[in-house]
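would you be able to build a 3D model of this:
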Amino acid sequence: MPKKNKDKNKEFVYISIGLITLALFLFSFSNTGLFTGELIDCGDISTFSGYSDADSDNLPDYCEDIYGTNKVIQDTDGDGRIDGQEIADQKDPLSFD
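Numbering: from 1, shown residues only. Reported below is the predicted structural model:
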């Protein structure tokens with residue numbers, strides 16, 4: 001195999017790795033726009049039976065970590081709606097709205 005083709009193959013691999021890394025980084029943001037460091041979405045919280053929910057706000061502690069909400073306070077932003085309901089309504093549980 002000529003050296004030129006090997007160089008092009010390496011370049012393609014490096015570009016592919018860069019694009020995949022960029023995509024993973026972009027998908028690492030929660031719906032609040034804050035970087036979570038997680039590469040997974042909390043998803044449909046109604047299917048998370050068996051997970052602990054220390055503040056009984058219908059948002060499992062696992063999801064509270066992802067969204068950045070407080071695990072021991074039902075209404076993190078103090079707007080009168082519990083965090084789980086705000087997530088279900090596609091509202092930001094960290095913003096008084």
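
so where's this protein uncertain?
Along the chain, the parts satisfying pLDDT under 70 run over 1-8, 23-50.

same thing but at 80, please
Across the chain, the ranges flagged by pLDDT under 80 are 1-9, 18, 20-51, 97.

helices of that one, start to end?
For the chain, applying DSSP state H gives helices covering 3-26, 61-67, 83-88.

turn those into CSV, columns for distance to Asp53 and mean neighbour count.
Any C-beta I mention is one placed from the backbone N, CA and C, and that applies to glycine too. Supplementary listing: those in CSV, determined by distance: least, C-beta to C-beta, whole Å; neighbours: other C-beta atoms under 10 Å:
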stretch, distance to Asp53, mean neighbour count
helix 3-26, 29, 10
helix 61-67, 6, 19
helix 83-88, 8, 21
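
look at Asp53 and say how many residues are nearby.
Other residues lying near Asp53 total 18 when counted by other C-beta atoms under 10 Å.

count of neighbours near the closest residue to it other than its chain neighbours?
Distance criterion C-beta to C-beta, 6 or more residues apart in numbering; nearest residue to Asp53, sequence neighbours excluded, is Pro60 at 5.2 Å. For Pro60, the count of nearby residues is 20 (other C-beta under 10 Å).

tell me how far Pro60 lies from Ala54.
Remark: distance between Pro60 and Ala54 (C-beta to C-beta, to the nearest Å) = 9 Å.
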